[in-house]
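Asks: Coordinates for the following, if possible.
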Amino acid sequence: EHRLRTGHKTISTNCPLHPDRTPSFHIYRATNTFWCFGCSQGGDAITFAMTLNKLPFKEAVLWLLRGR
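Replies: Purely as a prediction, here's the structure:
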């Protein structure tokens with residue numbers, strides 16, 4: 001079960017990068033970055049797309065531009 005918590009500065013949910021039963025994945029609104037306290041992965045949107053989809057930089061940017 002995925003849980004989504006929204007706050008003024010952060011959004012937290014279950015991490016899509018590893019099996020996760022609690023909201024350990026945090027998105028920081030001010031910097032548009034993320035950090036998972038469960039798997040210690042973090043970065044920006046491009047890093048997230050690269051990690052999630054196992055893509056090199058250019059393909060990750062194209063994936064984000066397509067909105068997928």
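Asks: Can you get me a residue count around residue 54?
Replies: For residue 54, the neighbour count with other C-beta atoms under 10 Å is 9. The C-beta positions use only the backbone N, C-alpha and C, and glycine is treated the same way.
Asks: Tell me which residues touch it, please.
Replies: Residue 54 makes contact with no residue, according to C-beta atoms under 8 Å, 6 or more residues apart in numbering.
Asks: and what of residue 50?
Replies: Shown here is residue 50, whose contacts under the criterion C-beta under 8 Å, 6+ apart are 56, 57, 60.
Asks: hmm, which of those are the buried ones?
Replies: Among the contacts of residue 50, those scoring as buried are residue 60 (criterion: 16 or more other C-beta atoms under 10 Å).
Asks: The contacts of residue 50 in helices, which ones?
Replies: Secondary structure assignment (DSSP state H) places 57, 60 from the contacts of residue 50 within helices.
Asks: Would you mind checking which of the contacts of residue 50 is nearest to residue 4?
Replies: Top of the list for closeness to residue 4, among the contacts of residue 50 and by C-beta to C-beta, is residue 60 at 23.5 Å.
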